[in-house]
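Participant: I'll drop the sequence and a predicted model, then ask my questions.
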Amino acid sequence: MSKKKAFALRINEEMLKAIEKWASDEFRSTNGQIEWMLMQYLKDKNRAPKPKKD
């Protein structure tokens, strides 16, 4: 599993509420939902990180 790095994210209140609602509907944390959304976008644009080979 890759290491996670914390950082501050500024987001408008309405957008955050929408993400929190979506996360709740999907039984995810807000952070997990944002990670999932970002990964989906990266995959759609063929920019997802390549799996590391051990």
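Facilitator: Received it, and whenever you're ready, just let me know what you need.
Participant: so where is the chain shaky, pLDDT-wise?
Facilitator: 1, 54 (pLDDT under 70).
Participant: point to the residue nearest the middle of it.
Facilitator: What sits nearest the mean C-alpha location of the chain, by CA atoms, centre = their mean, is residue 35, with 1.4 Å.
Participant: and the gap between it and residue 29?
Facilitator: 9 Å (CB to CB, to the nearest Å). Every residue, glycine included, has its C-beta placed from N, CA and C.
Participant: where do the helices sit along the chain?
Facilitator: For the chain, the helices defined by DSSP state H occupy 13-25, 30-44.
Participant: residue 51 is nearest to which of those?
Facilitator: Minimum separation from residue 51 across the helices of the chain (CB to CB) falls at helix 30-44, 12.7 Å.
Participant: can you name every helix or strand that that closest one contacts?
Facilitator: Under the contact criterion of 3 or more CB pairs under 8 Å, 6 or more residues apart in numbering; DSSP states H and E, helix 30-44 touches helix 13-25.
Participant: what angle separates the helix it packs on from helix 30-44?
Facilitator: Here the directions of helix 13-25 and helix 30-44 differ by 90 degrees (axes from the mean of the first three to the mean of the last three CA atoms, to 10 degrees).
Participant: and helix 13-25, what does it pack against?
Facilitator: Using 3+ CB pairs under 8 Å, 6+ apart: helix 13-25 touches helix 30-44.
Participant: can you list contacts of the helix it packs on?
Facilitator: 9, 16, 19, 20, 22, 23, 26, 28, 48, 49 (CB atoms under 8 Å, 6 or more residues apart in numbering).
Participant: including neighbour count and distance to residue 41, could those go into CSV?
Facilitator: Listed next are the contacts of helix 30-44 as CSV, based on neighbours: other CB atoms under 10 Å; distance: CB to CB, whole Å:
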residue, neighbour count, distance to residue 41
9, 8, 15
16, 14, 17
19, 17, 13
20, 13, 19
22, 15, 14
23, 18, 16
26, 11, 16
28, 16, 16
48, 13, 9
49, 8, 13
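Participant: of all those, which comes closest to residue 2?
Facilitator: residue 49 (7.9 Å).
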